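> Sequence and predicted structure, then a few things I'm wondering about:
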Amino acid sequence: MSAEAGEPYKDRLLKLPGFLIGQTRANRPREEDIRAGFALTDFFLHQNVFGPQGQRAPEERARFVALATAGDE
C-alpha cells in the first residue's frame, strides 16, 4: 500500500537506509545505506535546525561525513 501511494513521488523521496528497517548483512550496514543515512539527516537538519536559524551545518559535520564515507566510492 505505502509503495503504491509513494510511486508518483518516487523521484523526490529520500531513500530510507536499510539499517533503519532491519536490512543489514552481518550487522554491518552497506556503504550506500550509510550515505543514504547521512543524506536523510542532512535534509532534516537543514530543514528543521540550521535553516530556520539562518545557519549552515558546522564544518565538523562535513568532515565527519567525509571520514565516515572515505574509500567507499
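Yep, it's here. Numbers count the residues shown, from 1 in each chain.

> only C-alpha atoms for contact and neighbour calcs from this point on.
Noted.

> show me where this protein has helices.
2-6, 31-45, 59-69 (DSSP state H).

> Show me the one of those that comes nearest residue 15.
Evaluated with CA to CA, the helices of the chain place helix 31-45 nearest to residue 15, the distance being 6.0 Å.

> Can you name the residues that contact residue 50?
Contact criterion CA atoms under 8 Å, 6 or more residues apart in numbering gives 56, 57 as the residues in contact with residue 50.

> ok, it to residue 20 distance?
Separation of residue 50 from residue 20 (CA to CA, to the nearest Å): 24 Å.

> Residue 29 too?
9 Å.

> ok, those two, which is more surrounded?
residue 29 (16 against 11; other CA atoms under 10 Å).

> Give me the pLDDT value at that one.
Here the pLDDT value assigned to residue 29 is 77.

> Quick check: residue 43 vs residue 58, distance?
14 Å.

> Distance from the chain centre to the lowest-mean-pLDDT helix or strand in the chain, please.
Ranked by mean pLDDT, DSSP states H and E, the weakest helix or strand in the chain is helix 2-6, scoring a mean of 82. Taking CA atoms, centre = their mean, to the nearest Å, the mean C-alpha location of helix 2-6 is offset from the chain mean by 20 Å.

> That helix - contacts with which helices or strands?
Contacting helix 2-6 under the criterion 3 or more CA pairs under 8 Å, 6 or more residues apart in numbering; DSSP states H and E is no other helix or strand.
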